[in-house]
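1. sharing a model that was predicted from the sequence below.
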Amino acid sequence: MGIKSIKQRLLRERKAIQAVNDGYVIQVNDLTKKFGDFTAVDHISFEVRKGEIFGFLGANGAGKTTAIRMLCGLHRPTSGSGMVAGFNICNQQEDIKRNIGYMSQKFSLYNDLRVWENIRLFAGIYGVNENLIAPKTDALLSRLGFMSERNTMVRELPLGWKQKLAFSVAILHDPRIVFLDEPTGGVDPLTRRQFWELIYEAVSRGITVFVTTHYMDEAEYCNRVSMMVDGRIEMLDTPRNLRSHFGVESMEEVFTRIARKATRNDD
């Protein structure tokens, strides 16, 4: 499927999503994180709707990674408040972890385990019912076309296959939201398109997607996009509105305009 077809499909899905959204899976108010005298995240506030593809963008050093770690229950905020999947990020971190999926920028599965062993391991970690793990494993292998690779060591898989497997494992337990930290970094354009097909499938199942990416054409696929600069949210709107605001034709140009304001370069 080409980029034009993907965009047309996404536009249709956006309308459907917006018609049924009644609640939020993320609500953040004045969220701040300091490390000594350094303010990594500086009083950010935003909401993410149920079933939304939310782009969380910014140059290196913008504070994206620190913000995501707070939302995932890995960092405690210095100040401010937030709710993720119905749980408080300040004191219900373990509940948050059980109700989200996460795929890091670096490949997160175990290279020294077989494909099926990774799936079953993470199914157990995510609390999937023991009686459902085996059928879920087979269903996932079949859906990905990995049945012939079930006994392959993960380290032997091509990068694109690893990324698709990691994403599928991250949503195996049907979380309310999945956090994706630059999930398509380093893969070829065809694999990137296939990966976004998996994202659309997850959204159709009611999973909210919170994604960071350095590929600005992928920002076009998001319902809304947040742009961070030096720990603050500089702009937040739909890709179309952001392009219109700056009078440009691409999200790459939007990103360039906003990123110019940055004064720090280390996340």
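-> Yep, it's here.

2. can you give me the strands for the protein?
-> In the chain, the segments counted as strands under DSSP state E are 24-35, 38-49, 53-58, 79-84, 87-88, 100-103, 177-181, 208-212, 224-229, 232-237.

3. avg pLDDT for the second one?
-> This points to strand 38-49. The average pLDDT within strand 38-49 is 95.

4. likewise the fourth one?
-> Mean per-residue pLDDT for strand 79-84: 95.

5. list the buried residues in that strand.
-> Buried residues in strand 79-84, counted by 16 or more other CB atoms under 10 Å: Gly80, Gly82, Met83, Val84. The C-beta positions use only the backbone N, C-alpha and C, and glycine is treated the same way.

6. the second one contacts Gln27, doesn't it?
-> I take that to be Gly82. Yes: using CB atoms under 8 Å, Gly82 is in contact with Gln27, at 6.5 Å.

7. just to revisit the earlier point, of the strands of the chain, which is nearest Arg243?
-> Arg243 lies closest, by CB to CB, to one member of the strands of the chain: strand 232-237, at 9.5 Å.

8. report the angle between the axes of that closest one and strand 24-35?
-> Going by axes from the mean of the first three to the mean of the last three CA atoms, to 10 degrees, strand 232-237 is angled at 160 degrees with respect to strand 24-35.

9. other SSEs contacting strand 232-237?
-> On a contact count with 3 or more CB pairs under 8 Å, 6 or more residues apart in numbering; DSSP states H and E, strand 232-237 meets strand 38-49, strand 224-229, helix 239-246, helix 251-259.

10. hmm, back to that, the strands of the chain: which one's closest to Thr152?
-> Using CB to CB, the nearest of the strands of the chain to Thr152 is strand 100-103, at 19.9 Å.

11. winner for burial among the helices and strands packed on strand 232-237?
-> Counting by mean count of other CB atoms under 10 Å, strand 224-229 has the highest mean neighbour count of the helices and strands packed on strand 232-237, with a mean of 24.

12. what's that one packed up against?
-> Counting contacts by 3+ CB pairs under 8 Å, 6+ apart, strand 224-229 packs against strand 53-58, strand 232-237, helix 239-246, helix 251-259.

13. across the sheet, point out what pairs with Phe210.
-> For Phe210, the beta-bridge partners are Phe54, Phe179 (DSSP bridges).

14. quick one: contacts for it?
-> Ile26, Val48, Phe54, Phe56, Ile68, Leu71, Ile177, Val178, Phe179, Leu180 (CB atoms under 8 Å, 6 or more residues apart in numbering).

15. please name the nearest non-neighbouring residue to the fifth one.
-> This means Ile68. Phe179 (5.8 Å; CB to CB, 6 or more residues apart in numbering).

16. so what's the residue count around that neighbour?
-> 25 (other CB atoms under 10 Å).

17. I'd assumed Gly80 was in contact with Asn88.
-> No: at 11.6 Å, Asn88 does not count as touching Gly80 under the criterion of CB under 8 Å.
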